[in-house]
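please work out how this folds:
(one chain, ligands or ions: 1)
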Amino acid sequence: MRPKVLLTHPLLPEAMDYLSREVDLELATEEMILPREELLAKIADKQGLLCFLTDVIDREVIDRAPELRIISNCAVGVNNIDLKYAWSRGLLVTNTPDVLTEATADLTLALILAVTRRLVEADRFCRQGRFRGWKIDLFLGQELAGRTLGLVGFGRIGRAVARRARAFSLRIIYYDPNRLEPGLEKELGVAFRPLDDLVREADLISIHASLTPESYHLISAERLRRMKKTAVLINVARGPIVDEKALAEALRTGQIWGAGLDVFENEPLIEPELVKLDNVVLLPHIGSATADTRRQMCFMAVDNLLRGLRGERPANPVSPA
Ligand code: GLV
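Numbering: from 1, shown residues only. Okay, the predicted model is just below:
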C-alpha cells in the first residue's frame, strides 16, 4: 500500500507530479493560509507530512497523527516545528539547506544596495512623474566601500554574504554563538565581535541566524539604540529576531538610517508603522525565490520525505545538536 502523505500547500508542478506518483497524496489547500482545523483534521491518518515555514507543526498537530513517521519541511528554517516533541515521538524531521544559500545571499546584497542607494524610493519618484532633471542632491545615499558589515549569524548564508561583500570592499565583522577557529577567520577575512560591540561598530548589520528562544528579539530596542545613526539593518532570516515595533520607532525617529526586511514578526502581517516609512524596503519573504532554487527545494523536500517513508536515511535530517 502506498503511504499516505499530507502536502500542506502546492509544490512547483513537476515536484508535485513526482510526489503524487509515489504516494497517496492529499493536498490540504491551494490557499496561502491553511486553517488550523483543516490541518488537524487532514493529518490524522497520514504517515508523511510535507509542509512549509507558514505551517505551525506543534505538539497538538503531531498528537493528531499517530501513524506519522516524517515531517519534511520545504525550508531551511525549522522554527515552525516543535522539534523536541517531534524527536521525542521518534519522528524524522528534514529541511532544505544549501540549495538556497546563494539565492538568499544575493537577496541580502540586493537589499543592502536598495536601502543604501534608495532604489525603491527613487523608482517611485520616477513613476510619479517627478523626475524633472539631474540635480546635485537628488537621492543621496551611502557608499559601501570601506564601510563595516556586521553579520549576525555566520553559518552557510552569512558566509555567502561575506564572500559577496568583499567584492564591494566592505570590512566584515561577525557575531555567532559558535566562534570560528582564528585560522578560519583569517582565511575568510572576518573578525569576531561580541554582539553588543558589533551593533555599535557596524555600518550595515545583516541577520543570518536561525530563530530559537535565544535569538528572539536579539535586535532589541536597547541594541537599536546602540547602533550608529547612519546604520542600516537587514533581515532576511526570521522576523521575530528583531523587535519590529522598536525598529519602526528607530527608523521613524532617525535613530538609525534605514532597513531592508524580507521577513516580519507576524507574517504575513507587517507592522503598520513600517509601511508608512520611506527609509525601509519591504519584501514578501522572497529570499530563496529564484526559479532554480525553489525547484531544488521542492525536489529536496520530496526526496527527503520519500526516503524517510521507505525507512532510509534522508539526505537532510534535522537532528538534536
Ligand atoms: C526560508 O525562509 C527558509 O527557511 O527556507
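
avg pLDDT for stretch 15-29?
Computed over stretch 15-29, the mean pLDDT rounds to 97.

how about stretch 175-185?
Summarised as a single mean, pLDDT over stretch 175-185 is 97.

now do the contacts for the nearest residue to Ala221 once chain neighbours are set aside.
Leaving aside its chain neighbours, Ala221 sits nearest to Ala246 (3.7 Å; criterion: Cβ to Cβ, 6 or more residues apart in numbering). (Glycine included, C-beta is placed from N, CA and C.) Under the criterion of Cβ atoms under 8 Å, 6 or more residues apart in numbering, the neighbours of Ala246 are 220-221, 224.

between the residues you listed, which sits nearest the ligand?
Ser220 (22.0 Å; Cβ to the nearest ligand atom).

my read is that that closest one contacts Asp243, right?
Yes. Counting by Cβ atoms under 8 Å, Ser220 does reach Asp243; the two are 5.3 Å apart.

the two: which is more packed in?
Shown here are Ser220 and Asp243; by other Cβ atoms under 10 Å, Asp243 has more neighbours (20 against 15).

which residues does the more buried one contact?
Contacts of Asp243 by Cβ under 8 Å, 6+ apart are 217, 219-221, 224.

and if you look at Val236?
Val236 sits in contact with 104, 107-108, 111, 157, 206-208, 262-263, 287, where contact means Cβ under 8 Å, 6+ apart.

filter those down to the ones in strands?
206-207 (DSSP state E).

follow-up on the earlier one: pipe the contacts of Ala246 into TSV and attach distance to Asn178 per row.
Listed next are the contacts of Ala246 as TSV, based on distance: Cβ to Cβ, whole Å:
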residue	distance to Asn178
Ser220	22
Ala221	26
Leu224	25
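
which single one of those is nearest to Pro194?
Among those, Ser220 lies closest to Pro194 (Cβ to Cβ), at 14.9 Å.

what does that closest one show for phi and psi?
phi -100, psi 170 (degrees, to the nearest 10).

likewise Leu91?
phi -80, psi 150.

number of residues surrounding it?
For Leu91, using other Cβ under 10 Å, the count is 19.

follow-up on the earlier one: can you add pLDDT and distance to the ligand and give the contacts of Ala246 back as JSON lines?
Converted to JSON lines, the contacts of Ala246 look like this (pLDDT from 0 to 100; distance: Cβ to the nearest ligand atom, whole Å):
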{"residue": "Ser220", "pLDDT": "98", "distance to the ligand": "22"}
{"residue": "Ala221", "pLDDT": "98", "distance to the ligand": "25"}
{"residue": "Leu224", "pLDDT": "98", "distance to the ligand": "23"}
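
would you confirm that Ala165 contacts Arg159?
No. With contact defined as Cβ under 8 Å, Ala165 does not count as touching Arg159 (10.3 Å).

quick revisit: how distant is the helix or strand where the residue nearest to Ala221 lies from the center of its chain?
Element membership for Ala246 (DSSP states H and E) is helix 244-252. Relative to its chain's centre, helix 244-252 lies at 20 Å (Cα atoms, centre = their mean, to the nearest Å).

how about stretch 78-98?
On Cα atoms, centre = their mean, the centre of stretch 78-98 falls 17 Å from the chain's centre.

check which residues of it are buried.
78-83, 85-86, 91-97 (16 or more other Cβ atoms under 10 Å).

can you give me the mean pLDDT across that stretch?
98.

mind saving the C-alpha coords of it as PDB?
Only the C-alpha atoms of stretch 78-98 are listed here, as PDB (Å, rounded to 0.1, in the frame of the first residue of the first chain):
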ATOM      1  CA  VAL A  78      12.600  24.800  11.100                       C
ATOM      2  CA  ASN A  79      11.300  27.200  13.800                       C
ATOM      3  CA  ASN A  80       7.800  26.300  12.700                       C
ATOM      4  CA  ILE A  81       8.200  22.800  14.100                       C
ATOM      5  CA  ASP A  82       8.300  21.700  17.700                       C
ATOM      6  CA  LEU A  83      11.500  19.700  17.100                       C
ATOM      7  CA  LYS A  84      11.900  18.400  20.700                       C
ATOM      8  CA  TYR A  85       8.500  17.000  20.700                       C
ATOM      9  CA  ALA A  86       8.800  15.500  17.200                       C
ATOM     10  CA  TRP A  87      12.100  13.800  18.200                       C
ATOM     11  CA  SER A  88      10.600  12.600  21.500                       C
ATOM     12  CA  ARG A  89       7.900  10.900  19.400                       C
ATOM     13  CA  GLY A  90      10.600   9.300  17.200                       C
ATOM     14  CA  LEU A  91       9.700  11.300  14.100                       C
ATOM     15  CA  LEU A  92      12.200  12.200  11.400                       C
ATOM     16  CA  VAL A  93      12.400  15.900  10.600                       C
ATOM     17  CA  THR A  94      14.100  17.200   7.500                       C
ATOM     18  CA  ASN A  95      14.800  20.500   5.900                       C
ATOM     19  CA  THR A  96      16.200  22.000   2.600                       C
ATOM     20  CA  PRO A  97      19.700  23.500   3.400                       C
ATOM     21  CA  ASP A  98      22.400  24.500   0.900                       C
END
